[in-house]
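Novice: structure, please.
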Amino acid sequence: MKIAVIGGGSTYSPELVNGLLERTKILPVRELWLVDIDPERLEIVGGFIRRMVAAAGNPFSVELTDDYKQAVAGASYVVTQLRVGKMPARREDEYLGKRHGLIGQETTGVGGMAKALRTIPVVRAIATEMCRASPKAVLANFTNPAGLITQALTDVLPHGQGIGVCNVPITTRMNIITRLEKLTGTKIDPARTRLDTLGLNHLSWHRGFTLDGEDMWGRVLEDTVKELRAQADPEWDPDWIQEHRLLPNYYLQYYYYTAKKLAAQEKWPPSRAEEVMEIEKRLLAEYAEPDRTAPPEDLMKRGGAYYSTAATQLIAAHHAGAGEVHVINIAHHGAVEGWPKDWVLEMPAAVARGSVQPIPAPPLPKMCFDLVARVKEYELLTVQAAVHGDRKAALDALRSHPLGPGSDQAEAVLKDMLETNRKYLPLFWEK
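Specialist: This is a model prediction of the structure:
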């Protein structure tokens, strides 16, 4: 098996490799290709990963390149975890929002749109090359905004070969397991559990949890509400959760508590991007230590808990699994009755050897669907804008987003967005 990682110089890559090393009996990896356009990062991260693999007995080779076409050729799986413009572009996304009195965030609102416009053409080019050079390969996309990027691949890759993955569902699942272990006093194997989630990436609601097929959602909600009521400044309104029996994805705070989030970003710097840039400096220095063969503890500060677990469990299940349920981003193809079939949703899917199938799920309540529909309209318009350099679609996308600017402000925001990202958006400037 050959696996290609596009964005191999990412500080996340060692965690991904840890997951592969833990599953060598399941995944017969012989070649791991790390692709990055930043030679310094590729040398540091790639060199560290080679030492990790050597310490594990060299079960597979590690190849370093800046040529994604060479890496993708003959691959069984391609992992995209790239960032067009690197961390400085993320910082620009955050301050773009702040300049205009809007949410400044890398995946949500105007910042997420800017990131999507930069990223969609790049990932579509990778997917197109996969179709040519590795027509049976599966692309696991971790690049944010993960759901929107996956939506942009639905007309490039066959169904089930373009999968969006996020660590939020698995992190939520593990947190619920920890809660239940405290309540029951017993250790719980994650394989015995299942989380029911539906919505869009970073715009989803958790609405069920089972242990050995037994419904545990009531106990989870009861303990969650009790904990929230005991807090002076709770993360969520406990009355809302008790009434609706839903646990919102963390990113829904940008929609439900917008004023609170806007007030918080007035305290910048540092923004989250600026915090991560400092963390990455320390991580890269640690990765460069010639005797280091294991990821440092600082990696957990980078965010993305359970990233390697989500990535490698999914690949292992698809390669040789007898049938597992994973919460992923995929076109639902009618699994949610009444919702447009071409929508990419974040939802449970059955993953077995060579197969990924969304599991039929009841729709969300209307109040949730209305928000999903508005954001999905924004996503579809953003895809159109990114693929064609379509300024009208980009303007409509801004106006459609619940966290976007008002109509009287939209043109100014779009102009700022395009100018700020000019060198990454040639389609918008070549005409």
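Novice: only C-alpha atoms from now on, for both contacts and neighbour counts.
Specialist: Noted.
Novice: give me the pLDDT value at the residue nearest the centre of the chain.
Specialist: Central residue of the chain (Cα atoms, centre = their mean): Cys166, 3.6 Å from the mean position. At Cys166, the pLDDT value in this model is 95.
Novice: that one contacts Asn201, correct?
Specialist: Yes. Taking contacts as Cα atoms under 8 Å, Cys166 lies within contact range of Asn201: 7.5 Å.
Novice: shared neighbours of these two, anything?
Specialist: Ala146 (Cα atoms under 8 Å, 6 or more residues apart in numbering).
Novice: what is the neighbour count of the nearest residue to the residue nearest to the centre of the chain once chain neighbours are set aside?
Specialist: Take Cys166 and drop its neighbours on the chain: the residue closest to it by Cα to Cα, 6 or more residues apart in numbering is Phe142, 6.2 Å away. A count of neighbours around Phe142, defined by other Cα atoms under 10 Å, yields 21.
Novice: now Glu289
Specialist: When counting by other Cα under 10 Å, one arrives at 12 neighbours for Glu289.
Novice: and it, backbone torsions?
Specialist: The phi/psi pair for Glu289 (degrees, to the nearest 10) reads phi -60, psi 120.
Novice: tell me which residues touch it, please.
Specialist: Under the criterion of Cα under 8 Å, 6+ apart, the contact list for Glu289 is empty.
Novice: same check on Gly389?
Specialist: The contact partners of Gly389, by Cα under 8 Å, 6+ apart, come to Leu425, Pro426, Leu427, Phe428, Trp429.
Novice: now swap in Gln242 and tell me
Specialist: Applying Cα under 8 Å, 6+ apart, we find Gln242 in contact with Leu221, Glu222, Val225.
Novice: what distance do you get for it to Trp268?
Specialist: If you measure Gln242 against Trp268 using Cα to Cα, to the nearest Å, the figure is 34 Å.
Novice: one more: Arg179?
Specialist: The gap separating Arg179 from Trp268 is 33 Å, by Cα to Cα.
Novice: ok, the two, which is more surrounded?
Specialist: Neighbours around Arg179 and Trp268, counted as other Cα under 10 Å, are more numerous at Arg179. The numbers are 16 against 12.
Novice: give the contact list for the more buried one.
Specialist: Listed by Cα under 8 Å, 6+ apart, the contact partners of Arg179 are Val220.
Novice: mind checking how far it is from Leu221?
Specialist: Taking Cα to Cα as the measure, Arg179 falls 10 Å from Leu221.
Novice: what sits closest to Glu346 if chain neighbours are left out?
Specialist: Asn329 (4.3 Å).
Novice: so the one you found sits against His159, correct?
Specialist: No. Here Asn329 does not reach His159: they are 11.6 Å apart, not a contact under Cα under 8 Å.
Novice: tell me the pLDDT at the closest residue to Gly74 other than its chain neighbours?
Specialist: Nearest-residue entry for Gly74: Ser134, 5.2 Å, with adjacent residues in sequence omitted and distances by Cα to Cα, 6+ apart. At Ser134 the predicted local confidence, pLDDT, stands at 98.
Novice: what helix or strand does Gln43 sit in?
Specialist: Heads up, residue 43 is Glu, not Gln. Element membership of Glu43 [criterion: DSSP states H and E] is helix 39-55.
Novice: how about that helix: buried residues?
Specialist: Applying a neighbour-count criterion of 16 or more other Cα atoms under 10 Å, one finds 41-53 buried in helix 39-55.
Novice: Lys366 and Asn249, how far apart?
Specialist: For Lys366, the distance to Asn249 equals 17 Å [Cα to Cα].
Novice: those two: which has the busier surroundings?
Specialist: Asn249 (20 against 9).
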